[in-house]
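J.: Just a sequence and a predicted model for now, questions to come.
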Amino acid sequence: MTMEKKIVWTKKDLLGLEYLSKEEIEHILYTAQGFKEVTTRQIKKVPALRGKTVVNLFYEPSTRTRTSFEIAAKRLSADVVNIAVEASSVKKGETLIDTGRNIEALKIDIIVVRHNCSGAPNILARSVGASVVNAGDGWHEHPTQALLDMFTLKSKLGRIEGLNVSIIGDIAHSRVARSNIWGLTKLGAKVTVCAPKMLIPEGIEKMGARITDKLDEALEGADAINVLRMQFERDGALAFPSKLEYFKQYGITADKLKKCKKGIVVMHPGPINRGIEISSEVADGANSVILEQVTNGIAVRMAVLYLVAHAKKETR
Ligand code: CP
């Protein structure tokens, strides 16, 4: 896979793909390609962030994102602090801004934040001088997930431009869907979103995606599908009569995959609800790149941490 170096990086924060240009997105993917090589070495460590401190501040649960940000920071030789929000002064009512400013007073360099409120990382970035990286905010964006999805897609199919990519599932509650739509359309892919009508948010077509509530239409001609989790914690299941019914109509099964383009790439950001949005046979099958996505998350997050930490001073 070749990825072209395009630009000098000038952004101190990564808040969403909505705010990045095509060239900036390509530059992150290019930088990640270099770090991917580091992750294959026997000693998977470079001194690129030696002397820097990264704080993981997660207000919502996470397995993949939090762990891979920690591994990414450590592979760049940064010091890493994980704040357990449940055991922090957030529980005593401390605001996000006060928490951010107090963490910054400890002379740290980057805050990686996940929050249940859309826009929380933007508020934090305006309140602190440290770099802020969005690790998923409400229904808004999950930029590093979309970046690792695109990195994986480009690794598998050699390009993004011109690909037909269908995002299938709980679009309404999905920050992954929004970041993927922004990123994929900027890089020239044709994006279709597919969900039951109740799970398609109003106005999403303005982001440049084709919309359908028919799975057949989303699968036909698709080079890749990104299957999204039904977000039970955000009332996703209320939009459908039963999990069984959802699986029957929208679940990705081996039988449905047989009718698709040969070599279709199957992605899922995780965690998976097996037997609801995807069968185990497909999730663990030959077309699935789900675990490659997780692996690629480290190189992509190394790239993001490296770039925001070394952003040109004039925009800081
Ligand atoms: N894809 C993703 O964000 O997974 P986690 O919630 O486990 O971080």
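T.: Sure thing, it's come through. Numbers count the residues shown, from 1 in each chain.
J.: Show me what from the stretch 201-316 of the chain comes close to the ligand.
T.: Within the stretch 201-316 of the chain, the positions adjacent to the ligand are Pro269, Gly270, Pro271 by C-beta under 6 Å from any ligand atom. Bear in mind the C-beta positions are built from the backbone N, C-alpha and C, glycine included.
J.: Now restrict the residues you listed to buried residues only.
T.: Using 16 or more other C-beta atoms under 10 Å as the burial test, these include Pro269, Gly270 as buried.
J.: What is the nearest of the residues of the stretch 201-316 of the chain next to the ligand to Leu96?
T.: Of all those, the one sitting nearest Leu96 is Pro269; the distance, using C-beta to C-beta, is 24.3 Å.
J.: Return the residues in contact with that closest one.
T.: Contacts of Pro269 were listed using C-beta atoms under 8 Å, 6 or more residues apart in numbering, and they are Arg64, His142, Gln145, Asp149, Val176, Asn226, Leu228, Arg229, Gln293.
J.: Could you pull out the buried residues of the biggest helix by length in the chain?
T.: Of all the segments assigned as helix in the chain under DSSP state H, the longest by residue count is helix 290-309. By neighbour count, and taking 16+ other C-beta under 10 Å as the criterion, the buried residues in helix 290-309 are 290, 292-294, 296-309.
J.: what about the strands in the stretch 51-200 of the chain?
T.: Under the criterion DSSP state E, counting those that start in this stretch, the stretch 51-200 of the chain contains strands at 53-58, 79-84, 110-115, 131-137, 164-168, 190-194.
J.: Compare these and give me the one nearest the ligand.
T.: strand 131-137 (5.6 Å; C-beta to the nearest ligand atom).
J.: now that closest one and strand 110-115, what's the angle there?
T.: Here strand 131-137 points in a direction 20 degrees away from that of strand 110-115 (axes from the mean of the first three to the mean of the last three C-alpha atoms, to 10 degrees).
J.: Mind listing what's buried along the helix or strand containing Glu26?
T.: Counting by DSSP states H and E, the element that carries Glu26 is helix 22-38. For helix 22-38, the neighbour count (16+ other C-beta under 10 Å) marks 24-33, 35-36, 38 as buried.
J.: so what's Ile108 closest to, chain neighbours aside?
T.: Spatial nearest neighbour of Ile108, chain neighbours left out: Thr53 (4.3 Å); criterion: C-beta to C-beta, 6 or more residues apart in numbering.
J.: beta partners of the one you found?
T.: For Thr53, the beta-bridge partners are Asp79 (DSSP bridges).
J.: ok, now the one 4 residues further on?
T.: With DSSP bridges as the criterion, the beta-bridge partners of Leu57 are Ile83, Val113.
J.: so it makes contact with Ile110?
T.: No. Between Leu57 and Ile110 there is no contact under C-beta atoms under 8 Å: 10.4 Å.
J.: what are the ranges of the helices in the stretch 151-300 of the chain?
T.: Chain-ordered helices for the stretch 151-300 of the chain, with DSSP state H, counting those that start in this stretch as the definition, fall at 175-186, 215-219, 243-250, 254-258, 280-283, 290-309.
J.: For those, give me JSON lines that also has mean pLDDT.
T.: Conversion of the helices of the stretch 151-300 of the chain to JSON lines gives the following (pLDDT from 0 to 100):
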{"stretch": "helix 175-186", "mean pLDDT": "98"}
{"stretch": "helix 215-219", "mean pLDDT": "98"}
{"stretch": "helix 243-250", "mean pLDDT": "92"}
{"stretch": "helix 254-258", "mean pLDDT": "98"}
{"stretch": "helix 280-283", "mean pLDDT": "98"}
{"stretch": "helix 290-309", "mean pLDDT": "98"}
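J.: Rebuild these as a markdown table, extending it with distance to Glu18.
T.: Converted to a markdown table, these look like this (distance: least, C-beta to C-beta, whole Å):
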| stretch | distance to Glu18 |
| --- | --- |
| helix 175-186 | 5 |
| helix 215-219 | 23 |
| helix 243-250 | 27 |
| helix 254-258 | 32 |
| helix 280-283 | 29 |
| helix 290-309 | 16 |
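J.: The ligand contacts on the stretch 51-200 of the chain?
T.: Residues of the stretch 51-200 of the chain found near the ligand (C-beta under 6 Å from any ligand atom) are Ser62, Thr63, Arg64, Thr65, Gly136, Gln145.
J.: 8 Å instead?
T.: On the criterion C-beta under 8 Å from any ligand atom, the ligand has as its neighbours in the stretch 51-200 of the chain the residues 60-67, 114, 135-136, 142, 145, 176.
J.: residues in contact with Gly275?
T.: Lys243, Phe247, Gly251.
J.: Please name the nearest non-neighbouring residue to the last one.
T.: This points to Gly251. Distances taken as C-beta to C-beta, 6+ apart place Glu277 nearest to Gly251, at 6.0 Å, with adjacent residues excluded.
J.: returning to that earlier point: hang on, the residue nearest to Ile108 packs against Asp109?
T.: Yes. At 5.5 Å, Thr53 counts as touching Asp109 under the criterion of C-beta under 8 Å.
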